[in-house]
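A.B. asks: Just a sequence and a predicted model for now, questions to come.
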Amino acid sequence: MRSESRDGMEVAVRDEDMGYGHRLVFRYWASSGSYVLNRGWNKLFVKGRGLKVGDEIGMFWDPVSRKFHFTVLRRVA
């Protein structure tokens, strides 16, 4: 189930490396003109996966499964 509003849309995000699925909110930030994931991105992915500035991640939207797929491609030394 998903919900849409001006506050964003709830989406599924699968962490392919860890095998977990999460529900986050995908929204547009008009002030920066960018799309962001909220309500758990920092805790679950940045801190939870120990991401650092310079790490390279991959993410894509799968229209068949209707979810984002996430993976860490490369970590900085």
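C.D. replies: Nice, I can see it.
A.B. asks: hmm, who's touching stretch 25-45?
C.D. replies: Contacts to stretch 25-45, defined as Cβ atoms under 8 Å, 6 or more residues apart in numbering, come from residues 7-11, 13, 15, 22-24, 51, 68, 70. C-betas here are computed from N, CA, C, even on glycine.
A.B. asks: can you point me to the longest strand in the chain?
C.D. replies: Scanning the chain for the strand with the most residues, using DSSP state E, yields strand 20-29.
A.B. asks: still on that earlier bit, find the pair from the contacts of stretch 25-45 with maximum spatial separation.
C.D. replies: The most widely separated members of the contacts of stretch 25-45 are Asp7 and Leu51, with 24.9 Å between them, by Cβ to Cβ.
A.B. asks: the more surrounded of the two?
C.D. replies: In this view Asp7 and Leu51 are compared by other Cβ atoms under 10 Å, and Leu51 has more residues nearby, 16 against 11.
A.B. asks: Reduced to three states, what does the residue nearest to that one when sequence neighbours are not counted come out as?
C.D. replies: Residue nearest to Leu51 in three dimensions, not counting chain neighbours: Phe45, with 6.6 Å by Cβ to Cβ, 6 or more residues apart in numbering. Three-state call for Phe45 (DSSP: H, G, I helix; E, B strand; the rest coil): helix.
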